[in-house]
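Asker: Here is my input; please provide its structure:
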Amino acid sequence: MRTKINAQPNQSLIDGITTLQALASSPEPIGCRELARQLDSDPTKINRLLKTLAYLGIARQTANRKYTAGPGMHVLAAQSLFASGLIRRALPELEQLRRYGHTVAMGVLWNDSVSYLFHAPPGIEASRGLGRIGLLPATTSGIGIALLAELEDADVRELYEGRDIPMFPDGIDSLLAKLSEVRALGYARVHVADERDHHIVSVSMGDPVHAGIAMSGWIPEGATAPLVEALREAAQHIGE
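Answerer: The predicted structure follows:
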């Protein structure tokens, strides 16, 4: 979750981390100019940042002079997961939740997206649920809705100012109404009207809140309460 700061943020650091995050989320090696277009930034600046990341080993340059994740990025990912202990604490609880026969997920909010640390549909090994999918728009995700509800309305308005909001074609007011409902209930229930026509039930976790867990599938209204109770119990056991 985004923390308010009193001092002026360091724009150079912001630019470097934005470049790093864009590189990390690219499914294929990407060139400097293409990445600059994605970030709406100056190619010269992005080129300098990419070369710095490559110097540090966090990025690496391919034979055709594009950039992709380097060994340092994998080291950072492994170190952060190990140091936080989140995955280690969560896996036994997430495995227990799979007894309900639904997809089980855990994710964190990053700006207007959710990054899934774990996403395991029924029938696959739990280990395959780690890092299975990448970033998704927060407003299309039960975890995203639960975590957006932890923000102040003013922060949500700022996040989506002047932009289309996936699954909320009527705009920011309809999203804020949904978030108000989530705050009142203490959990998110989201209907995803795609080819699967499924529902997502999600709760936030941590103190302060930093992640969410969810179950999704064919979930009738009457089945919501026991799933919410199970999710809350798992969130409490995962802790922190």
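
Asker: Was I right to think residue 45 contacts residue 15?
Answerer: Yes - using Cβ atoms under 8 Å, residue 45 is in contact with residue 15, at 6.8 Å. For glycine as for every other residue, the C-beta is placed from the backbone atoms N, C-alpha and C.

Asker: Next, the buried residues of the lowest-mean-pLDDT helix or strand in the chain.
Answerer: Ranked by mean pLDDT, DSSP states H and E, the weakest helix or strand in the chain is helix 71-84, scoring a mean of 84. Residues of helix 71-84 classed as buried: residue 73 (neighbour count, 16 or more other Cβ atoms under 10 Å).

Asker: immediately after it, which helix or strand?
Answerer: helix 86-97 (DSSP states H and E).

Asker: what inclination does the helix or strand following that following helix have with respect to helix 86-97?
Answerer: Scanning forward in sequence from helix 86-97 by DSSP H and E, the next helix or strand is strand 103-110. Per axes from the mean of the first three to the mean of the last three Cα atoms, to 10 degrees, the angle that strand 103-110 makes with helix 86-97 is 150 degrees.

Asker: Quick one: the strands in the chain, in order.
Answerer: All strands of the chain, identified by DSSP state E, fall at 59-61, 67-69, 103-110, 113-120, 135-137, 188-192, 198-205, 211-217.

Asker: Tabulate those strands (JSON lines), appending mean pLDDT.
Answerer: Below are those laid out as JSON lines (pLDDT from 0 to 100):
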{"stretch": "strand 59-61", "mean pLDDT": "94"}
{"stretch": "strand 67-69", "mean pLDDT": "94"}
{"stretch": "strand 103-110", "mean pLDDT": "95"}
{"stretch": "strand 113-120", "mean pLDDT": "93"}
{"stretch": "strand 135-137", "mean pLDDT": "90"}
{"stretch": "strand 188-192", "mean pLDDT": "92"}
{"stretch": "strand 198-205", "mean pLDDT": "95"}
{"stretch": "strand 211-217", "mean pLDDT": "96"}
